[in-house]
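Asker: Attaching a predicted model along with its sequence, questions to come.
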Amino acid sequence: MDLLKEVGEIEREIIAIRRDLHEYPEISMQEERTANVVIDYLQSLNIDYEIVENGGIIGTLVGSSEGKTIALRADLDALPMKESPTNLRMDKVVVSKTEEAAHLCGHDGHTAMLLGAANVLSKHREQIKGKILFVFERGEEDGRGIYRMLERLVHIGVDGIWGIHLKSDIPSGKISVDPGPRMAGVFPFHIRIRGKSGHGSRPDLAHSPIDCFTHFYTQLKTVKHDTLDPFMPITYSIGHLHSGSVANAIPDELSFRGTARYLHAEQGRHLKRVFDDLLEKSCDLYHCSYEYVEQTKPIDLLVYNEETCAEIARKSIETSIGEDVIFEYPAWLASEPFGLYQKYFPGVFAFVGIKNEQKGTGAEHHNAHFDLDEDVLKLGTVATIQYALDFLEKNPSISYEAETRDVAALFEHIGLPIP
C-alpha cells in the first residue's frame, strides 16, 4: 500500500483531532473528554476496545491470519500549565481554552497520530498477520496510568511495542529510531534540612539550614567531575528551594526538590549513595539534620530501543517515507514510563522532529511557547503503520530477556508506588 498517499487522504482529519484535543486539554488521570474522543473514534472504525480502569483505553484489531501481537502506544494527558498564545515566532494556530491545562509536550499529537494509524490499519485487516493493540495511556506525566495498562498488557500477551514522542529540537520531518538507550532513569528527591532559628543580629546562636544547604549544594556540583563515571551520562538539578519568610530571622528549616537523570542504573545508585553521604557530612558540619520528605530511590526507567526492532523501524521508514528522513540523535535525558513497557516487551520509541524556525516551532517541552509543526503528524502516522505491519510480517527472532516478575513485584523493586 502507498501509505503516504493513504495517510495524506486523512491528514486533515488527524490535524483536526489534534486541534480538538489541544483546545480541551485534561491533566493526568482526569482525561474524561479525551478518552471519549478516542472511544468514539475507535467505534467509528469498528475497532473493539476495552477501558482499563485508572489506566486508559486499549483498542484491538485482529488480522486475517494468526501471528504475533504488537502494541502501539500514545499518551492522553496534558500539563497543569497556562499556555502562551504565541510560539517562538507567531500566533499559534490553536490554543488551550483553559488556563488550568495545556498540551505543551505533544501528547495531543501522539494521540492524533495513533488514531490516524488505527484508521488506515482498520481498512487493511486482511493484510494484517496477527493482532494490533492501540494503547492510549492516561497519566503519563505523573506516571499513575501505566501500572494498570502494563498489568493488562502482560496479561494479554504482547510480542513487541512501539511509541512516538514528538521532539522539539529535531528538525521537522526527521525521525530518530536509533538503537540502544533513548531516555533516562530518574532519582527524584525532596529533602528537608532542620536547623535552629535565631535573630539575624546573632547568627552565632543559630544553626542555619541555608548555610548547610549552600555547603551541600557546592559539594554536589563537583560530584559529576570528581566521583561519577564520565562514560555513564548523568545530569541532576534542583528545581525548588524554600526557606524562611523574613529578612532578619534565620529560619529553622529549608526544603529543596530536584531530580537526577541517568542512562545506567548503577550510575543512579552511585549518585544516591554520594548524595546521602554529602548531606550527612554537611548537616554534621553545620549542626543540622535532614530527612526525605518522601522516601525515594533511583528508578530504572531506561527507554531502550532493542537493536533488531530498531533496524526494522529504520527500514520501515526508509521504505514508506525515504531514507533522507532518518536522523541520528543522542539519548534524551528526560524520563518516560515507556521504559517500563520495554522491560516486558522489546520495541522502539521513535523521536519525530517538530522544529521549524519559519513556523516558530522548537520551544522546549513543558514551555509555555511549545508548539507543533502539524505537517509531521502524517509522517509519524506512516512510520507507525509501516512498523506495525513489518514487525508482524517479518516475525523477527529477537534476543531479549523479558522481565519475569509480575508488575507489582517490579514496581516494588524499583521503588514506584502501586496505585
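Answerer: Looks like it came in fine. Numbering: from 1, shown residues only.
Asker: Endpoints of stretch 117-131, how far apart?
Answerer: By CA to CA, to the nearest Å, the extent of stretch 117-131 from end to end equals 14 Å.
Asker: Tell me which residues are up against it.
Answerer: Contact partners of stretch 117-131, identified using CB atoms under 8 Å, 6 or more residues apart in numbering, comprise 1, 3, 6-7, 10, 13, 41-42, 45-47, 59-70, 72, 132, 134, 381, 384-385, 388-389, 392-393, 395. From N, CA and C alone the C-beta is placed, and that goes for glycine too.
Asker: What residue spans form the domains of this structure?
Answerer: Under automatic domain parsing, the residue ranges defining each domain of the chain are 3-182+302-414, 185-292.
Asker: List the buried residues in the one helix or strand L153 maps to.
Answerer: Assigned by DSSP states H and E, L153 belongs to helix 146-156. Residues 146-154 are the ones in helix 146-156 that count as buried (16 or more other CB atoms under 10 Å).
Asker: Can you tell me which helices and strands the host helix or strand of A35 packs against?
Answerer: Counting by DSSP H and E, the element that carries A35 is helix 32-44. Identification of packing neighbours for helix 32-44 by 3 or more CB pairs under 8 Å, 6 or more residues apart in numbering; DSSP states H and E yields helix 11-23, strand 48-52, strand 56-62, helix 107-122, strand 129-137.
Asker: 6 Å instead?
Answerer: Helix 32-44 is packed against strand 56-62, with contacts defined by 3 or more CB pairs under 6 Å, 6 or more residues apart in numbering; DSSP states H and E.
Asker: chain center to the strand it packs on, what's the gap?
Answerer: Chain-centre distance of strand 56-62: 21 Å, with CA atoms, centre = their mean, to the nearest Å.
Asker: How about stretch 265-274?
Answerer: Using CA atoms, centre = their mean, the offset of stretch 265-274 from its chain centre is 22 Å.
Asker: And for stretch 197-204?
Answerer: 46 Å.
Asker: Could I get the full set of strands for the stretch 251-400 of the chain?
Answerer: 253-262, 289-292, 303-305, 347-355 (DSSP state E, counting those that start in this stretch).
Asker: contact partners of the second one?
Answerer: The list of residues contacting strand 289-292 from outside it, by CB atoms under 6 Å, 6 or more residues apart in numbering, reads 191-194, 279, 283.
Asker: repeat for stretch 39-57
Answerer: With contacts defined as CB under 6 Å, 6+ apart, stretch 39-57 is touched by 35, 38, 58-61, 115, 118-119, 122, 136-138, 145, 148-149, 152.
Asker: try 7 Å
Answerer: 35, 38, 58-61, 76, 115, 118-119, 122, 135-138, 145, 148-149, 152, 419 (CB atoms under 7 Å, 6 or more residues apart in numbering).
Asker: Out of those residues, which end up buried?
Answerer: 35, 38, 58-59, 61, 76, 115, 118-119, 122, 135-138, 145, 148-149, 152.
Asker: who wins for most neighbours among the contacts of strand 289-292?
Answerer: Highest neighbour count within these: I193, with 27 neighbours (other CB atoms under 10 Å).
Asker: Run through the stretch 151-300 of the chain and note the low-pLDDT ranges.
Answerer: Applying pLDDT under 70 to the stretch 151-300 of the chain flags no residue at all.
Asker: Which secondary structure element is home to R192?
Answerer: Counting by DSSP H and E, R192 is part of strand 185-194.
Asker: Export that strand to CSV, keeping only CA atoms.
Answerer: Below are the C-alpha coordinates for strand 185-194, written out as CSV (Å, rounded to 0.1, in the frame of the first residue of the first chain):
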residue,chain,number,x,y,z
GLY,A,185,16.2,6.6,34.6
VAL,A,186,15.3,9.1,37.4
PHE,A,187,16.1,9.8,41.0
PRO,A,188,13.6,12.3,42.4
PHE,A,189,14.4,13.9,45.7
HIS,A,190,12.6,16.1,48.2
ILE,A,191,14.6,16.9,51.3
ARG,A,192,14.0,18.9,54.5
ILE,A,193,17.0,20.3,56.4
ARG,A,194,16.3,21.2,60.0
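Asker: which helices and strands sit right next to that strand?
Answerer: When contacts are defined as 3 or more CB pairs under 7 Å, 6 or more residues apart in numbering; DSSP states H and E, strand 185-194 packs onto helix 209-226, strand 253-262, helix 265-285, strand 289-292.
Asker: Reformat those as CSV; add distance to Y236.
Answerer: As requested, the helices and strands packed on strand 185-194 are arranged in CSV below (distance: least, CB to CB, whole Å):
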stretch, distance to Y236
helix 209-226, 8
strand 253-262, 4
helix 265-285, 7
strand 289-292, 16
